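Asks: Fold the following.
(one chain, ligands or ions: 1)
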Amino acid sequence: MAHRITLIAGDGIGPEVAQAARLVLEATGVPIEWEERLAGVRALEAEGELLPRATLAAIRASRVALKGPITTPVGGGFRSVNVALRQELDLFAAVRPARALPGVPIRHPAVDLVIVRENTEDLYQGIEYEAGAPATRTLAEELRALGGYELRPDAGVTIKPISVSGTRRIVRFAFEYARANRRRRVTVVHKAPILRTSDGLFLATAREQAAEYPDVDWDEIQVDHLSSRLVRDPSGFDVLVLPNLYGDILSDLAAGLVGGLGLIPGANIGWEYAVFEPVHGSAPDIAGRGLANPIAMILSGAMLLAHVGELEAAARVRAGVDAVLADGSVRTPDLGGTATTDELARAIEARVRGT
Ligand code: ATP
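Replies: As a prediction, this is how the structure comes out:
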């Protein structure tokens, strides 16, 4: 039976990389029934909303989606579509593997990290108080009454909630992932000595959960120390589990370690639904010109195939990407070449068909 997959091309370079991924996934021979839906600026223009109901309904029906990057228009009070999708579908785990790829020159050749980022709370929960707004003045009064805290009258505030339940599920997810994928170690990342009630709770809860996985090696590190260690020598790290904001920042750092944003795939996973998307954004500076590297989107497609049980096809897609990169003659400009998005996609497609 064909796998039903919702395809959201997205904005900017999204349609180009989505087309590339579709081509390569179809080359595996896995039967796929694509359902194309809109989200982002293209949806706003066509249907009047950034995240149309029909798009959400399609993902709920197919349970899996492959999604390109989406631009949230600046101003106009729009909520980020990416954040909204994660919250609506309760996609609590973002998984971002960053491994050194053949033929891509990098400083540390032994990088093989998996970032597991909590996706629904922390500073991204969307609890914002604008500087000078009446609600912010009320908040300031409450804080003064509750704890004697003094907010400056011109301060804006973003709240950082971290819960036991939210932490439990992301830490369990990271340990289960490590076990299922035979990874060496889970590292719990935090800033607990300073952010005692949020990161402190994250760390305490993570320690409790870790005790339930005696077969998985684990340790803990503060996020600032981790940043410096990753830049110096990332080879000692494996699976990293982090609160939302640190996960966001370190995903880009990890992308830098392995050769750039055009190479890092991602998955947003919940108990019921999963949305696969590259870590990079819509890159408006290069959109529509065939300059985008489609590999991040293609590898996101490979993660999707593995998620729906097509492990052998997923491995073939990864091998196709590796083979083309190792060969080195077809590369997009971000990797120092002159090939177009479509040329790179077709080279990978040919490798996948030929295996
Ligand atoms: P957004 O606001 O949607 O995150 P952005 O342009 O701020 O978009 P990204 O799109 O993530 O951020 O990327 C930053 C830059 O990295 C881009 O402007 C582009 O030059 C480069 N880049 C990102 N993705 C790719 C890609 N797939 N191929 C080539 N270059 C890329």
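Asks: And the strands in the stretch 51-200 of the chain?
Replies: Secondary structure of the stretch 51-200 of the chain (DSSP state E, counting those that start in this stretch): strands at 64-67, 93-99, 112-118, 128-129, 157-158, 185-190.
Asks: Need the phi and psi values for G10.
Replies: Dihedral pair for G10: phi 90, psi -160, per degrees, to the nearest 10.
Asks: okay, which residue of this structure is out on the far edge from center?
Replies: Residue farthest from the centre of the chain, counting by C-alpha atoms, centre = their mean, is A145 at 39.7 Å.
Asks: show me the contacts for the most centrally placed residue in the chain.
Replies: Taking C-alpha atoms, centre = their mean as the criterion, G266 is the residue nearest the geometric centre of the chain, at 4.2 Å. Listed by C-beta atoms under 8 Å, 6 or more residues apart in numbering, the contact partners of G266 are A94, V95, R96, S251, F276, E277, P278, V279, A296, S300, M303. C-beta: built from backbone N, CA, C; applies to glycine.
Asks: Pick out the one among these with the largest number of neighbours.
Replies: Counting neighbours by other C-beta atoms under 10 Å, the top entry in the contacts of G266 is P278, with 33 neighbours.
Asks: what kind of secondary structure is that one in?
Replies: Classification of P278 by DSSP: H, G, I helix; E, B strand; the rest coil places it in coil.
Asks: Ok, the one 3 residues further on next?
Replies: Secondary structure state of G281, per three-state DSSP, is coil.
Asks: Near the closest residue to it other than its chain neighbours, how many other residues are there?
Replies: Nearest non-adjacent residue to G281, counting by C-beta to C-beta, 6 or more residues apart in numbering: P69, 4.9 Å away. A total of 29 residues lie near P69 under the criterion other C-beta under 10 Å.
Asks: For P69, grab phi and psi.
Replies: According to degrees, to the nearest 10, P69 has phi -70, psi 150.
Asks: try L291
Replies: phi -100, psi -10.
Asks: what number of residues lie near it?
Replies: 19.
Asks: want to throw the strands of the stretch 51-200 of the chain into JSON lines with distance to the ligand?
Replies: As requested, those are arranged in JSON lines below (distance: least, C-beta to the nearest ligand atom, whole Å):
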{"stretch": "strand 64-67", "distance to the ligand": "12"}
{"stretch": "strand 93-99", "distance to the ligand": "13"}
{"stretch": "strand 112-118", "distance to the ligand": "15"}
{"stretch": "strand 128-129", "distance to the ligand": "18"}
{"stretch": "strand 157-158", "distance to the ligand": "19"}
{"stretch": "strand 185-190", "distance to the ligand": "22"}
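Asks: Take the ones you listed and write them to TSV, including distance to R37.
Replies: Below are the strands of the stretch 51-200 of the chain laid out as TSV (distance: least, C-beta to C-beta, whole Å):
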stretch	distance to R37
strand 64-67	8
strand 93-99	21
strand 112-118	25
strand 128-129	29
strand 157-158	31
strand 185-190	34
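Asks: so what's the residue of the stretch 251-355 of the chain found nearest the ligand up against?
Replies: Of all residues in the stretch 251-355 of the chain, G281 sits closest to the ligand, at 2.1 Å by C-beta to the nearest ligand atom. Taking C-beta under 8 Å, 6+ apart, we find G281 in contact with G12, P69, T71, L261.
Asks: Same check on D224?
Replies: Residues counted as contacts of D224 (C-beta under 8 Å, 6+ apart) are K191.
Asks: and it, that one's in a helix?
Replies: Yes: assessed with three-state DSSP, D224 lies in a helix.
Asks: how far away is E277 from P69?
Replies: Look at E277 and P69: by C-beta to C-beta, to the nearest Å, they are 7 Å apart.
Asks: likewise L263?
Replies: Distance from L263 to P69, by C-beta to C-beta: 14 Å.
Asks: And for A54?
Replies: 20 Å.
Asks: Setting aside sequence neighbours, what's the nearest residue to P284?
Replies: Counting by C-beta to C-beta, 6+ apart, P284 lies nearest to G12, which is 4.9 Å off, once chain neighbours are set aside.
Asks: Sorry, slip of the keys, the one I care about is G262.
Replies: Counting by C-beta to C-beta, 6+ apart, G262 lies nearest to N293, which is 2.9 Å off, once chain neighbours are set aside.
Asks: tell me the SS of that neighbour?
Replies: Put simply, N293 is coil when judged by three-state DSSP.
Asks: So what's the residue count around the residue lying closest to Y149 once chain neighbours are set aside?
Replies: Of all residues not flanking Y149 in the chain, L143 sits nearest, at 4.2 Å (C-beta to C-beta, 6+ apart). L143: 14 surrounding residues under other C-beta under 10 Å.
Asks: L143: what's it in contact with?
Replies: Taking C-beta under 8 Å, 6+ apart, we find L143 in contact with Y149, E150, L151.
Asks: which one of these sits closest to V41?
Replies: L151 (35.7 Å; C-beta to C-beta).
Asks: Pretty sure the closest one sits against T138.
Replies: No: applying C-beta atoms under 8 Å as the test, L151 and T138 come out as separate, 11.0 Å apart.
Asks: neighbour count winner among those two?
Replies: Neighbour comparison, L151 and T138: the larger count goes to L151, with 18 against 11 (by other C-beta under 10 Å).
Asks: OK, contacts around the more buried one?
Replies: With contact taken as C-beta under 8 Å, 6+ apart, L151 is in contact with T136, L139, A140, L143, R144, V157.
Asks: Name the nearest residue to the first one, ignoring sequence neighbours.
Replies: Nearest-residue entry for T136: Y129, 4.1 Å, with adjacent residues in sequence omitted and distances by C-beta to C-beta, 6+ apart.
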